[in-house]
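Trainee: quick one: sequence and predicted model below, then my questions.
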Amino acid sequence: MSDLLPWQADTWAGLMARARDERLPHALLLTGAEGIGKRDFATRLAEALLCLRPREDGDACGECQACGLLAAGSHPDLRLVAPPEDKKVIPIDTIRAAGEFFALTSQYNGRQVAIIHPAEAMNPAAANALLKTLEEPTPGALLMLVCSQPSRLLPTIRSRCQRVAFALPEPAQALAWLRQRLPGDVDAEALLALAEGAPLAALRLNEEGGLAARQSLSRQWAGLLEGREDPLAVAAQWKPWGLTRSLQWLNSWVTDLIRLKSAGPDAAISNKDLGAQLQNIAQRLDLRALYAFLDQLTEYGRLAANNLNEQLALEDLMIAWRRSAARR
Ligand SMILES: [Zn+2]
């Protein structure tokens with residue numbers, strides 16, 4: 001059974017109380033930032049509901065036959081719906097199969113649970129197929145949609161689900177949790193800031209070597225302005241981190257640079273660990289160039305939702321950044 005994350009305790013208790021009174025709806029929409037544990041929460045709830053001998057507090061026992069099947073990933077009354085391997089989109093067939101799953105009879109305790117994650121990955125046809133399932137709920141069935149961008153869901157889907165909104169944890173709570181799981185020499189605060197306050201995302205970032213990579217990327221990025229680096233080579237270094245995250249980091253650095261330019265070297269910045277580097281860049285560029293680059297980041301952020309060639313986008317951005325140096 002997955003651990004209950006401390007910042008989810010209240011939400012968990014609320015849903016457990018409703019489950020005890022048989023007051024759970026047929027569909028829940030779990031929303032909140034990426035990397036705060038929404039999917040873990042959904043899995044945990046599924047386990048609690050499908051367990052044959054739940055504990056007094058409603059948690060799964062971890063010992064019964066159902067719990068054994070859940071641990072093995074083979075419980076017939078649980079269906080996990082995600083994009084097929086190597087794909088970003090959930091197609092209609094996958095959603096239809098989930099509909100057929102709910103048409104079957106529960107094999108154990110009368111309940112059936114399906115988790116769709118990430119729900120915003122459904123294409124329009126899949127979303128429409130899901131509406132059918134939502135309109136004809138099966139008794140004992142619970143559908144959980146896990147989603148960090150609910151605005152990308154059809155309004156008709158949102159309105160048929162009860163929303164469970166997860167806020168970012170308090171920074172002190174997130175840091176305490178994170179420090180228990182990180183080696184002592186890792187800067188948990190910098191990592192959490194980099195993950196925009198999402199603890200699980202911070203942990204993942206650490207496993208991927210995020211802090212070190214970001215240091216080296218920021219050095220190369222500064223080197224572009226001095227003509228020390230080649231934009232295409234730098235873009236290739238960014239590529240493994242993906243366009244979305246690259247835009248996030250660049251955005252955060254440029255925003256800090258604008259703060260330093262406007263409020264001076266003592267300005268409060270988010271990337272404290274890159275302070276010296278950013279001070280250096282701030283001296284080289286004027287505000288106009290920074291705002292122009294920020295505009296470009298925003299534009300690519302808008303385009304990123306479509307099928308954009310990530311490599312070309314990154315190359316374009318690095319070339320534009322190098323040009324910023326000349327624009328003063
Ligand atoms: Zn059990």
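Mentor: Yes, it's here.

Trainee: can you name the residue of the stretch 201-328 of the chain nearest to the ion?
Mentor: As assessed by Cβ to the ion, the ion sits closest to Leu203 within the stretch 201-328 of the chain, at 27.6 Å. C-beta coordinates here come from the backbone N, C-alpha and C atoms, glycine included.

Trainee: that's a strand at that residue, yeah?
Mentor: No: per DSSP: H, G, I helix; E, B strand; the rest coil, Leu203 lies outside any strand segment and is helix.

Trainee: ok, and the closest non-adjacent residue to the residue of the stretch 151-300 of the chain at minimum distance from the ion?
Mentor: Closest contact between the stretch 151-300 of the chain and the ion, by Cβ to the ion, is at Val164 (23.0 Å). The shortest distance from Val164 to any non-neighbouring residue, by Cβ to Cβ, 6 or more residues apart in numbering, is to Leu30 (5.1 Å).

Trainee: the helix or strand encompassing that neighbour packs against which elements?
Mentor: Per DSSP states H and E: Leu30 is located in strand 27-31. For strand 27-31, the packing partners by 3 or more Cβ pairs under 8 Å, 6 or more residues apart in numbering; DSSP states H and E come out as helix 38-50, strand 141-147, strand 162-165.

Trainee: what about Ala126, neighbour count?
Mentor: Ala126 has 21 neighbours, counted by other Cβ atoms under 10 Å.

Trainee: just the helices in the stretch 1-150 of the chain please.
Mentor: For the stretch 1-150 of the chain, the helices defined by DSSP state H, counting those that start in this stretch occupy 9-20, 38-50, 65-72, 92-103, 124-135.

Trainee: so which of the ones you listed gets nearest Leu257?
Mentor: helix 38-50 (32.8 Å; Cβ to Cβ).

Trainee: quick check, distance from that closest one to the centre of its chain.
Mentor: Between the mean C-alpha location of helix 38-50 and the chain-wide mean there is a distance of 18 Å, by Cα atoms, centre = their mean, to the nearest Å.

Trainee: may I have it exported as PDB, CA atoms only?
Mentor: The C-alpha coordinates for helix 38-50 follow below in PDB (Å, rounded to 0.1, in the frame of the first residue of the first chain):
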ATOM      1  CA  LYS A  38      -2.600  12.900  -7.000                       C
ATOM      2  CA  ARG A  39      -2.100   9.500  -8.700                       C
ATOM      3  CA  ASP A  40      -0.800   7.900  -5.500                       C
ATOM      4  CA  PHE A  41      -3.900   9.200  -3.700                       C
ATOM      5  CA  ALA A  42      -6.100   7.700  -6.400                       C
ATOM      6  CA  THR A  43      -4.300   4.300  -6.200                       C
ATOM      7  CA  ARG A  44      -4.600   4.300  -2.400                       C
ATOM      8  CA  LEU A  45      -8.300   5.000  -2.500                       C
ATOM      9  CA  ALA A  46      -8.800   2.200  -5.100                       C
ATOM     10  CA  GLU A  47      -7.000  -0.200  -2.700                       C
ATOM     11  CA  ALA A  48      -9.100   0.900   0.300                       C
ATOM     12  CA  LEU A  49     -12.300   0.400  -1.700                       C
ATOM     13  CA  LEU A  50     -11.400  -2.900  -3.200                       C
END
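
Trainee: re the thing from before, in a markdown table: the helices and strands packed on strand 27-31, plus distance to Ser218 and mean pLDDT.
Mentor: Below are the helices and strands packed on strand 27-31 laid out as a markdown table (distance: least, Cβ to Cβ, whole Å; pLDDT from 0 to 100):
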| stretch | distance to Ser218 | mean pLDDT |
| --- | --- | --- |
| helix 38-50 | 30 | 96 |
| strand 141-147 | 32 | 97 |
| strand 162-165 | 34 | 97 |
